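Colleague: Okay, structure incoming, though there's no sequence with it:
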């Protein structure tokens with residue numbers, strides 16, 4: 001990523017309490033856990049705003065690419081927030097931009113991207129985005 005994003009770049013913010021087990025042996029949130037936070041924020045948004053049913057829905061999203069830059073440390077018991085925006089929505093895929101913030105701070109601890117492809121559950125083939133999902137993703141474009 002070329003420039004450090006700020007909180008106002010993200011149209012949706014998902015609150016996220018940390019847990020003791022989120023810390024690594026160095027006493028801060030493990031990088032793998034940051035990816036899990038990003039995935040949880042995306043899935044929560046899609047379930048709440050697009051009616052996505054990850055267990056039984058006709059379409060299912062798979063993460064096919066991701067990356068993250070780290071700028072500052074965060075640790076349990078801090079409450080964190082994940083900023084979420086859709087950078088690109090095309091065909092059956094969406095590229096999200098995400099950032100992990102301490103509550104009330106403009107600069108992120110981490111910023112990343114994630115590409116998700118939606119497929120038909122029954123066939124595994126790329127799926128056209130259902131209307132509700134398309135609308136929820138467009139709303140994330142700001």
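Modeller: Received the coordinates, thanks. All of these numbers come straight from a predicted model, not from anything done at the bench.

Colleague: May I see the buried residues of the helix or strand containing residue 43?
Modeller: Element membership for residue 43 (DSSP states H and E) is helix 31-50. For helix 31-50, a neighbour-count test (16 or more other Cβ atoms under 10 Å) marks 33-35, 37-39, 41-42, 44-46, 49-50 as buried. The C-beta positions use only the backbone N, C-alpha and C, and glycine is treated the same way.

Colleague: so what does it touch, helix or strand wise?
Modeller: Helices and strands touching helix 31-50, by 3 or more Cβ pairs under 8 Å, 6 or more residues apart in numbering; DSSP states H and E, are strand 12-17, strand 59-70, strand 79-90, strand 93-102, strand 110-120, helix 131-139.

Colleague: quick one: low-confidence ranges for the protein?
Modeller: 1-2 (pLDDT under 70).

Colleague: Contact partners for residue 11?
Modeller: By Cβ atoms under 8 Å, 6 or more residues apart in numbering, the contact list for residue 11 reads 84, 85, 139, 140, 141, 142.

Colleague: that older thread, distance from the chain centre to the helix holding residue 43, please.
Modeller: 4 Å (Cα atoms, centre = their mean, to the nearest Å).
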